[in-house]
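1. Okay, here's the prediction I keep looking at, along with the sequence it came from:
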Amino acid sequence: MPIEAIDRLERYTPGGEDTGVASWKREGAIAFYWLLAFGLAVGFRLPELYKCRVPETLASIWCPAILIATLAFSQWLYSQVAISEERPFNWLGTPIFVIGNAIGETLAFLVVFSAGAFVGDFIGRLAGLGGLPFQFLKFGCGFFVFLIYGGAIHGLFWMRIFPPHFRDDPRARKIRKFRLWSESALSLAWCLTFFVFRDLWSVVVFHAIVDLVLMIRVRPGIFRFASADSA
C-alpha cells in the first residue's frame, strides 16, 4: 500500500469524534477480539501460551538487543507525530487496555504467524526442502502473513476505534514516511522471537510498552465507562 494511502487511512478513518463517549459496542468489540485470539490459541494448542521462554530469549543477547532497538526507534517516531488533542489521560482505561491488548493481540499475532509458518512448512516438505532453505521458507511465510494481518487489523479495526491522532504538518509527514519501515522492523523482531525461541511472553512485554506509549500520547477514551450517553 502506498505511503500516501496509509497516511490518509490513519488520518481520516472515521470513528474519532465520539471516542470520548463510553460505548459498550466499541469496548465489546475489543474484548471479543481478545477473547477470540485466546480461544484460537487454546484451540490450536499453541505451547507458547503455557511455557515461559523469556530466560532463553534474554540469554541470547542478540534477540533482546533487536527487540529493544526496534522498539526504541518505532516509538520515538510515533511520539514525534502522535497527538492527544488535549484529551485527558485515561487512568481507568489505560491499565485495562495495556494488559488486555498486550496479551490478547499478541496471541492473535502468534496465531497468524504460526498459521503462516505451518503453510511454509507444508510447502517446504512438498518441495523436498531441508536445512536453512526450509527454515527460511517457514519463517518467511509466517512473517508475510503476520505483516498482512497487522496492516489489515490496524486499518480495518484499530483506526476505527482510536480518534485521528497524527500531526499533519510538513515535518510530521516526512517522519511518517519512515513509520512503515520502523513498524515492519518491529514486526520482524517479534516474529524472530516467536520463531527462534517460541517465546510469547517477551513479545507481550514489548507489546505492552507500545500500547502504553499509545495511551500516553493519544489518550483515547476507551474503557472509561463514564458516560450516561453510552451506546
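-> Cool, the structure landed. Not measured: the values here are computed from a predicted model. Numbers count the residues shown, from 1 in each chain.
2. measure Ala102 to Trp34 for me?
-> Note on Ala102: its distance to Trp34, by CB to CB, to the nearest Å, is 10 Å. In this view, the C-beta of every residue, glycine as well, is placed from N, C-alpha and C.
3. Repeat that for Ile96.
-> When CB to CB is the yardstick, Ile96 and Trp34 sit 11 Å from each other.
4. for Arg45, same thing?
-> Distance, Arg45 to Trp34, using CB to CB: 19 Å.
5. cool, and Arg160?
-> As for Arg160, its distance to Trp34 is 17 Å (criterion: CB to CB).
6. do the same with Glu56
-> 26 Å.
7. swap in Glu183?
-> Remark: distance between Glu183 and Trp34 (CB to CB) = 21 Å.
8. May I have the residues that are in contact with Ala189?
-> Ala189 is in contact with 63, 66-67, 69-71, counting by CB atoms under 8 Å, 6 or more residues apart in numbering.
9. how about it, phi and psi?
-> Comment: the main-chain dihedrals of Ala189 come out as phi -60, psi -40, following degrees, to the nearest 10.
10. do the same with Phe166
-> As for Phe166, its main-chain torsions (degrees, to the nearest 10) stand at phi -120, psi 140.
11. from memory it sits against Val81, does it?
-> Yes - with contacts defined as CB atoms under 8 Å, Phe166 counts as touching Val81 at a distance of 5.1 Å.
12. Give me the more crowded residue out of Ala102 and Trp34.
-> For Ala102 and Trp34, the more surrounded residue by other CB atoms under 10 Å is Ala102, and the numbers stand at 21 against 16.
13. What's the end-to-end length of stretch 166-184?
-> Using CA to CA, to the nearest Å, the end-to-end distance of stretch 166-184 comes to 19 Å.
14. all strands of the protein, in order?
-> Assigned by DSSP state E, the strands in the chain number zero.
15. low-scoring stretches of it, by residue?
-> Counting by pLDDT under 70, the chain contains low-confidence residues at 1-22, 226-231.
16. and Leu156, how many neighbours does it have?
-> When counting by other CB under 10 Å, one arrives at 11 neighbours for Leu156.
17. Leaving out chain neighbours, which residue sits closest to Phe195?
-> With CB to CB, 6 or more residues apart in numbering as the criterion, Phe195 has its nearest non-adjacent residue at 5.1 Å, and that residue is Phe139.
18. hang on, I meant Ala185
-> Take Ala185 and drop its neighbours on the chain: the residue closest to it by CB to CB, 6+ apart is Thr70, 4.6 Å away.
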